[in-house]
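Participant: Got a predicted model here, sequence first, then my questions.
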Amino acid sequence: MVVAHPVIRLLARYSEGLRLAAEHGPKSGVVLEYAFDDIPKGSGPFGRLIDRTFLHRSAWGSARQRIQTTKELVIELLGRRRSAGLATMILDVASGTARYLHELARERGGDDLVIACHDRDPHHVMLGRQLIQADGLPRFTFSVGDATDHASYLTSRDPDIVLAIDLFPVLHRDEAVRTVMRLAFEHLAPGGHFLCTTLARRIKGPAYWDLDAFGKRPATRRPETIADWLRAAGFGQIDQRFSQPEGFALIGWKPEHREPGA
């Protein structure tokens, strides 16, 4: 059951975004999708003003930027494979509603692209299914899965691209992060890529919006640390990119062939 902050419950009478947050929780897929759309709605001019303020929170701006940069990075990786005449299987192991992949499939989908999204939250999975069904995207699936569980990496064939977007900040144990890297490396097709993101510093804001299901704020890790762990897992050619304010995306490549003695 969602328990909203008293101020949120009060203003939810006027603001559509706050109403959704009070009803579904601030981290719900419904609220995230609403924030990504970035269209203020509410009861009269006052309600829309409150909703605009809600949508202009720095955290939402950062999330929208992360969605856009992730989409651009996946387009880049997909473009390389298409230039080589290769089909692509994408596995997202902590997808949420996978807004970046949803937009990608709408705009650049094709018979050469298969997308599988896994997430621990069944509400995210159900909403994701509804969204892709509404857009008629048959080569796009959502399933319940845990990014630290081997079974969640089992797909129709080894993926060519594995994504772990905004996952590491919710994994507070370093060993859990390294487990995700190890599993991604094991299940990636040779020559495949692993794309992940990390927060170097927390974005300032009220705790109500940042706490996870266990009452913890996002974990922070320097991109240099993530790069070192990726190399230790076997990845090469580590590429670091901007993801969002205080956040970075890192791309690791799985070699085509295992080095002798490795």
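Facilitator: Structure's in. What do you need?

Participant: after the helix or strand of the chain with the lowest mean pLDDT comes which helix or strand?
Facilitator: Lowest on mean pLDDT, DSSP states H and E among the helices and strands of the chain sits helix 207-210, with a mean of 51. Using DSSP states H and E, the helix or strand that follows helix 207-210 towards the C-terminus is helix 223-233.

Participant: In that next one, which residues are buried?
Facilitator: Neighbour-count burial for helix 223-233, counted by 16 or more other CB atoms under 10 Å, picks out 223, 226-227, 229-230, 233. Where C-beta positions appear, they are placed from N, C-alpha and C, glycine not excepted.

Participant: Now flag whichever of those residues is closest to Glu246.
Facilitator: Pro223 (10.7 Å; CB to CB).

Participant: Show the pLDDT at the closest one.
Facilitator: We have a pLDDT of 97 for Pro223.

Participant: now it: how far from Glu175?
Facilitator: Distance, Pro223 to Glu175, by CB to CB, to the nearest Å: 19 Å.

Participant: tell me, how many neighbours does His257 end up with?
Facilitator: By other CB atoms under 10 Å, 8 other residues sit near His257.

Participant: That one: what's it in contact with?
Facilitator: Contact analysis of His257 by CB atoms under 8 Å, 6 or more residues apart in numbering lists Pro190.

Participant: Direction included, what does the helix or strand harbouring Met89 pair against?
Facilitator: Under the criterion of DSSP H and E, Met89 resides in strand 88-92. Note on strand 88-92: by DSSP bridges, its sheet partners are strand 113-119 (parallel), strand 161-164 (parallel).

Participant: Tell me which of those is the most buried.
Facilitator: Highest mean neighbour count of the strands paired with strand 88-92: strand 161-164, a mean of 26 (counted as mean count of other CB atoms under 10 Å).

Participant: ok, then the element right after that one?
Facilitator: helix 174-187.

Participant: Mind giving me the packing neighbours of the longest helix along the chain?
Facilitator: Longest helix in the chain by number of residues (criterion: DSSP state H): helix 58-83. When contacts are defined as 3 or more CB pairs under 8 Å, 6 or more residues apart in numbering; DSSP states H and E, helix 58-83 packs onto helix 29-37, strand 88-92, helix 99-108, strand 161-164, strand 193-199, strand 236-244, strand 247-253.

Participant: Buried ones in stretch 20-29, by neighbour count?
Facilitator: Within stretch 20-29, the residues scored as buried using 16+ other CB under 10 Å are 20-22, 24-29.

Participant: neighbours of Ala184, just the number please.
Facilitator: Neighbours of Ala184 using other CB under 10 Å come to 29.

Participant: With Ala94 instead?
Facilitator: 26.

Participant: again, but for the one 5 residues further on
Facilitator: The burial metric for Arg99, expressed as a neighbour count using other CB under 10 Å, is 25.

Participant: do the same with Ile39
Facilitator: Ile39 has 12 neighbouring residues, counting by other CB under 10 Å.

Participant: Helix, strand, or coil at it?
Facilitator: What DSSP: H, G, I helix; E, B strand; the rest coil gives for Ile39 is coil.

Participant: Provide a list of residues in contact with it.
Facilitator: Ile39 neighbours (CB under 8 Å, 6+ apart): none.

Participant: now Gly128
Facilitator: Applying CB under 8 Å, 6+ apart, the residues near Gly128 are 29, 95-98, 102, 117, 119, 142.

Participant: I'd guessed Gly145 sits against Thr155; true?
Facilitator: No - under the criterion of CB atoms under 8 Å, Gly145 makes no contact with Thr155, lying 10.1 Å away.

Participant: in a strand, that's where Arg202 is, yeah?
Facilitator: No - per three-state DSSP, Arg202 lies outside any strand segment and is coil.

Participant: Could you double-check that it lies in contact with Ala219?
Facilitator: No - using CB under 8 Å, Arg202 makes no contact with Ala219, being 9.1 Å away.

Participant: Counting neighbours, go ahead and name the busier of the two.
Facilitator: Set side by side, Arg202 and Ala219 show more neighbours around Ala219, with 18 against 14, by other CB under 10 Å.
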